[in-house]
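Visitor: just coords:
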């Protein structure tokens, strides 16, 4: 989490969120979720801030999602926000000294009562920020029901007297029977690894970094295993680090319970999780039922440069589509791929499917014209001939978002310089990346919601996430090409809202 911003932003997403929260899902919330810019199939809180995911677990057949508020889901499509009936800002986290604010962390289930808080206790591990000294240390709180957490009076459990030491991910490593903490030493661009038998006393094991993108700061680290090429017997560890308060990079390696080491021939340049403009602080779901067949993740759709200024009225922020992760071998080496979870297909209706050869110029897409920005497109282009082509999305009132691909340079450009009817300082930006086609095909899987676009290219090898905030009249879709002759296979669906939440 970024810390060199005003205090109300620092703690707004961990405390101020609770104002007005209640158990959701009844009819009276229907109109609430029709607010302008409100996402219709992404999770957003009923009211208030949301930013970094601060604990994703799968336990007792449910997905539990914390940001110091909490939502639950059985399918990562439909959500219910659950908190105690008390609407106090301390209704979820209680007992901390007044000088302490909660920063980003993670949630775990202590099945064997290693910490002494009870068998199957929920334990929150987070950064305890001292408001007067600005020191960042690691603390824990505990809960019997996963709703109300009590501050451990022995906090901090890990303190190195630093003002840039934050955002722990904690998980159990079975081979050594130890808890592992992965935590960022932000300005040193390092991830530190600690182990513990009881979640209270931590032993330093190793550091990783700097590596890849070494600018500004590292934070919000996550470490998890993924299968290679769909082989469950061949797994590697992936370390994800949020960088520069606006991106994430990942590293592929091996972890032995003490040290993370890169695989051979790992590129020196950064491998980015998302090449768009707004994806940050993602977390994977830890499976405490040991029943999940995939590793899934979600991230915060925003960046700190303009997060406080977005025009949503319910509050600020929402999370990305849930994505399944895997590792796949490409000619250039091993890379992480991301695909939207299959469960999202239940939201589809009014399918349109056709083949089309692009004409020169800009044309409306008459076969597919949703009435609102709540749809999905799965498109495959033949790129065997030279061309520049793409889509204009959220078209109307003189505004649009441009997604353009150049077959000669293999470059994909996303331009949102003129896409919103709101005034958002610093919002007009362009994303650019090299995208290599596969077998002369470029596949684009696009999700458009009320205020965002998520683009999965070539089955998730390259992903682009961006905020848009168009007016309600900007629902047009155009296809364009500089030359005629590029063929396109198109499938599209309107998407039902996933509310009530």
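Guide: Looks like it arrived, so ask away. Source: prediction; values computed, not measured. Residues are numbered from 1 along each chain as shown.
Visitor: contacts and neighbour counts: CA atoms only from here.
Guide: Fine.
Visitor: what sits closest to residue 233 if chain neighbours are left out?
Guide: Among residues not flanking residue 233 along the chain, residue 227 sits closest, at 7.4 Å (C-alpha to C-alpha, 6 or more residues apart in numbering).
Visitor: can I take it that that neighbour is in a helix?
Guide: No: using DSSP: H, G, I helix; E, B strand; the rest coil, the assignment for residue 227 is strand, not a helix.
Visitor: begin at 511 from here
Guide: All right, first residue 511 from here; so that's residue 737.
Visitor: show me what contacts it?
Guide: Contacts for residue 737 (C-alpha atoms under 8 Å, 6 or more residues apart in numbering) come out as 743, 744, 745, 746, 836, 837.
Visitor: please apply the same query to residue 909.
Guide: 928, 929, 930, 984.
Visitor: between those, which sits nearest residue 611?
Guide: residue 930 (34.3 Å; C-alpha to C-alpha).
Visitor: now pLDDT and distance to residue 779 too, for the contacts of residue 737, in TSV please.
Guide: Below are the contacts of residue 737 laid out as TSV (pLDDT from 0 to 100; distance: C-alpha to C-alpha, whole Å):
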residue	pLDDT	distance to residue 779
743	94	28
744	97	25
745	97	23
746	98	19
836	98	20
837	98	18
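Visitor: list only buried entries from those.
Guide: Among the contacts of residue 737, the ones that count as buried by 16 or more other C-alpha atoms under 10 Å are 745, 746, 836, 837.
Visitor: tell me which of these fall in strands.
Guide: Members of the buried ones among the contacts of residue 737 lying in strands (criterion: DSSP state E): 745, 746, 836, 837.
Visitor: in three-state terms, label the residue nearest the centre of the chain for me.
Guide: Centroid check for the chain by C-alpha atoms, centre = their mean gives residue 809 as the closest residue, at 1.0 Å. Of the three states, residue 809 takes strand under three-state DSSP.
Visitor: my guess is it contacts residue 560. True?
Guide: No: when contacts are counted by C-alpha atoms under 8 Å, residue 809 is not listed as touching residue 560 (10.9 Å).
Visitor: of the ones in strands among the buried ones among the contacts of residue 737, which is the nearest to residue 937?
Guide: Closest to residue 937, out of all of those and judged by C-alpha to C-alpha, is residue 836, at 31.7 Å.
Visitor: so who does the closest one touch?
Guide: Counting by C-alpha under 8 Å, 6+ apart, residue 836 touches 736, 737, 738, 739, 740, 805, 846, 847, 848.
Visitor: how about the helices in the chain?
Guide: Listed in chain order, the helices of the chain (DSSP state H) span 517-522.
Visitor: put together CSV for the buried ones among the contacts of residue 737, with distance to residue 615 on each row.
Guide: What follows is the buried ones among the contacts of residue 737, written out as CSV (distance: C-alpha to C-alpha, whole Å):
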residue, distance to residue 615
745, 25
746, 24
836, 24
837, 25
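Visitor: ok, these vs residue 548, which is closest?
Guide: Distances from residue 548 to the buried ones among the contacts of residue 737, taken by C-alpha to C-alpha, are shortest for residue 836, at 30.4 Å.
Visitor: buried subset of the contacts of residue 836?
Guide: Among these, the ones that count as buried by 16+ other C-alpha under 10 Å are 736, 737, 738, 805, 846, 847, 848.
Visitor: dump these into TSV; add distance to residue 872 and pLDDT as well.
Guide: As requested, these are exported to TSV (distance: C-alpha to C-alpha, whole Å; pLDDT from 0 to 100):
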residue	distance to residue 872	pLDDT
736	42	98
737	43	97
738	41	98
805	40	98
846	34	98
847	32	98
848	31	98
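Visitor: and the residues you listed, which is closest to residue 619?
Guide: Among the buried ones among the contacts of residue 836, residue 805 lies closest to residue 619 (C-alpha to C-alpha), at 17.6 Å.
Visitor: how close does the closest one sit to residue 794?
Guide: As for residue 805, its distance to residue 794 is 7 Å (criterion: C-alpha to C-alpha, to the nearest Å).
Visitor: which stretches of this structure have low pLDDT?
Guide: Applying pLDDT under 70 to the chain picks out residues 511-540, 593-601, 1009-1011.
Visitor: domain ranges for it?
Guide: 517-850, 853-1005 (automatic domain parsing).
Visitor: shouldn't residue 574 be in contact with residue 582?
Guide: Yes: counting by C-alpha under 8 Å, residue 582 is a contact partner of residue 574 at 4.8 Å.
Visitor: neighbour count winner among those two?
Guide: residue 574 (25 against 20; other C-alpha atoms under 10 Å).
Visitor: how near is the more buried one to residue 617?
Guide: Between residue 574 and residue 617 the distance is 9 Å, computed by C-alpha to C-alpha.
Visitor: cool, residue 841 as well?
Guide: Note on residue 841: its distance to residue 617, by C-alpha to C-alpha, is 38 Å.
Visitor: who has more neighbours out of those two?
Guide: residue 617 (28 against 5).
Visitor: does that one touch residue 567 like I think?
Guide: Yes: at 7.0 Å, residue 617 and residue 567 qualify as touching, with contact defined as C-alpha under 8 Å.
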